[in-house]
Every structure is written in structure tokens, then in C-alpha cells.
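Enquirer: sharing a sequence plus its predicted fold:
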Amino acid sequence: MKDEIKQIALREGASKVGIASVESFAGAPNGHAPTDFIPDAKSVISFGVRLLDAAVERDRLFMNSQMVPEELRMPVQEYIYETVAYSMVNTRLDQIGLSIALFLEKQGYPSMCFPATYDTYYDSLMRKIPNFQAFFSHRHAAVRAGLGEFGLNNLVLTPEYGPRIRLNSVITSIQLEPEPIIGEKLCIRGCTLCLEACALCVNNPSTNILTPKENLNWNEIWLDPPSVTDKHACNSGRCAGGCMRVCPVGSKRTHRS
């Protein structure tokens with residue numbers, strides 16, 4: 001069954017798939033643990049779709065374009081990114097999650113999938129929830145399912161794609177063998193490129209958008225965020241994903257600016 005579930009995800013367009021046990025979510029906030037969605041939940045299926053490198057590197061598009069005026073270059077770049085690396089990917093994640101959940105329910109296992117976090121209604125709804133508490137943490141699920149580890153920027157770093165991947169999850173009542181957590185350190189010791197690239201930090205150095213937690217141990221595999229994030233600032237729309245672009249983990253480029 002586990003192999004069949006993974007094949008469904010990969011066939012539907014997932015780049016990575018992993019399984020986490022419900023027990024590994026001990027300590028989740030009330031109302032957001034797997035068993036709060038499926039009372040007899042046993043497993044969480046985590047999957048992600050990688051982002052296209054050219055879309056992530058959108059600031060390199062239409063340089064000296066003969067058709068796109070200089071004053072429109074940035075809006076066009078943002079449109080490309082928000083469409084190709086955001087809404088299209090999230091639509092794919094929706095489809096994968098629903099396909100897996102429907103398959104499992106057909107086999108007699110109650111399951112729950114989640115909507116991707118990008119549409120207008122979701123944003124307006126989440127702004128009313130203190131601290132932008134999500135329905136379910138797909139990042140925590142991905143780390144516990146062996147897909148990667150938390151980076152200093154609080155995004156999940158994967159060996160193949162670094163943080164350039166979007167995630168989703170399915171909670172299910174079937175007992176599946178969980179994957180081992182990732183065993184190699186991905187976040188590079190002493191690297192602070194993500195902090196230095198944060199547009200909000202650069203424009204307002206007095207604002208601590210990302211603050212490493214005290215006594216940070218670089219030898220640990222980070223199952224939980226290693227830094228404190230100002231979620232309101234990150235959700236302001238001015239971030240532009242700079243911390244994601246400059247991360248050297250999984251990067252195909254020798255230099256990112």
C-alpha cells in the first residue's frame with residue numbers, strides 16, 4: 001500500500017514523497033495535530049512539488065527586453081513567479097492530495113487532505129487568525145517524513161532542491177511504515193545568506209525578521225524551526241522570497257544574487 005500511495009503521488013506530479021508516524025507530532029498545538037482531523041489517524045503522507053529554477057530566479061527575466069518596458073519588468077517578473085512557482089504548483093499539490101485521500105478512503109481508510117495556501121479567501125481568512133496559525137504544518141510533516149530539515153530561514157531544506165519546493169500533506173488512518181528522518185546536515189554551518197538576503201531586514205536592519213534561537217547547535221538535525229520568524233512581516237508581500245533564492249543547498253547555480 002505504501003508503494004502504491006507513493007506511485008500515485010509521483011504519477012500526479014510530486015517531486016518527493018515521505019511517510020511520518022502520528023506519534024512524531026507529539027506536542028502539536030491543540031486543534032492542529034493529526035488526530036484532531038482524523039481521530040484514529042496513524043500516518044501522515046508528506047509530498048512536495050519542486051519549483052522551476054527559472055521562475056525562482058525571476059529577477060533575471062526580461063533584462064534588456066525589446067518588448068517589456070523597464071517600468072513593467074518587475075510586475076511581469078512577479079506575475080511569472082506567482083503563476084508558475086506558486087498558483088500552478090499549489091493546484092498540483094491540491095490534485096495530489098485529493099487523489100491520495102480518495103484512493104485511501106476507497107480502501108476503507110478515513111483520510112484528510114488540505115487546500116493549498118495561496119488563494120484570496122485563504123489569505124483573508126488567515127489574517128484573522130492570530131500569528132497566522134495554519135490548519136496543519138506541512139513543513140513539520142515534511143521533516144518528520146524524512147524529506148528534509150528546517151533551515152535557518154525556517155523553510156524546509158531538501159537535499160535535491162534546497163528550500164525551492166512547496167509542500168502538502170494527507171492525514172490517514174492506515175498504518176504505514178514511517179521513513180527515517182534525514183540523517184545528514186543540510187543547512188551549512190555558519191551560513192547566514194538567507195538572513196542577509198531578507199528584503200525587509202536589508203531595508204530596515206533594526207527589524208529582526210529572522211532571529212536565530214539562543215544556543216543554536218549546528219550539529220543538530222532541526223526537526224523544528226531553529227529561528228524565530230516575524231510571520232506578519234514575512235506575510236506582508238514585500239519579502240519576494242529572497243531567503244529562498246540565495247540558499248546554496250540544492251542550488252544548481254554557483255552564485256545567487
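Expert: Nice, I can see it.

Enquirer: so where do the helices sit in the protein?
Expert: Residue ranges of the helices in the chain, as given by DSSP state H, are 2-11, 34-37, 53-56, 70-82, 88-106, 120-126, 138-144, 193-197, 199-203, 231-234, 242-246.

Enquirer: can you tell me which of those helices is most buried?
Expert: The highest mean neighbour count among those, using mean count of other Cβ atoms under 10 Å, belongs to helix 138-144: a mean of 25. C-beta: built from backbone N, CA, C; applies to glycine.

Enquirer: could I get the average pLDDT for it?
Expert: Helix 138-144 shows a mean pLDDT of 97.

Enquirer: for the protein, which helix or strand comes out least confident on mean pLDDT?
Expert: helix 199-203 (a mean of 55; mean pLDDT, DSSP states H and E).

Enquirer: reformat the helices of the chain as TSV; add distance to Lys213.
Expert: Shown next, in TSV, are the helices of the chain (distance: least, Cβ to Cβ, whole Å):
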stretch	distance to Lys213
helix 2-11	33
helix 34-37	25
helix 53-56	27
helix 70-82	30
helix 88-106	29
helix 120-126	24
helix 138-144	16
helix 193-197	13
helix 199-203	17
helix 231-234	16
helix 242-246	17
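
Enquirer: which one of these lies nearest to Thr211?
Expert: Of all the helices of the chain, it is helix 193-197 that lies closest to Thr211, at 8.8 Å by Cβ to Cβ.

Enquirer: what packs against the closest one?
Expert: Judged by 3 or more Cβ pairs under 8 Å, 6 or more residues apart in numbering; DSSP states H and E, the packing partners of helix 193-197 are helix 242-246.

Enquirer: just the C-alphas of the helix it packs on, formatted as PDB.
Expert: In PDB, the C-alpha atoms belonging to helix 242-246 read as follows (Å, rounded to 0.1, in the frame of the first residue of the first chain):
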ATOM      1  CA  GLY A 242      15.000  36.400  -1.200                       C
ATOM      2  CA  CYS A 243      15.900  33.900   1.500                       C
ATOM      3  CA  MET A 244      14.800  31.000  -0.700                       C
ATOM      4  CA  ARG A 245      16.700  32.200  -3.800                       C
ATOM      5  CA  VAL A 246      20.100  32.600  -2.200                       C
END
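
Enquirer: mind giving me the packing neighbours of that helix?
Expert: helix 193-197.

Enquirer: about what we covered before: quick one, which of the helices of the chain is nearest to Pro163?
Expert: Among these, the nearest to Pro163 by Cβ to Cβ is helix 242-246 (4.8 Å).

Enquirer: what's the least confident stretch among the helices of the chain?
Expert: helix 199-203 (a mean of 55).

Enquirer: end to end, how far does stretch 54-62 reach?
Expert: 12 Å (Cα to Cα, to the nearest Å).

Enquirer: contacting residues around that stretch?
Expert: 68, 73, 76-78, 80-81, 84-85, 164, 241, 244-245, 253, 256 (Cβ atoms under 8 Å, 6 or more residues apart in numbering).

Enquirer: and which of those residues is nearest Pro178?
Expert: Arg164 (25.0 Å).

Enquirer: the closest one reaches Met244, doesn't it?
Expert: Yes - in this structure Arg164 lies within contact range of Met244 using Cβ atoms under 8 Å: 6.1 Å.
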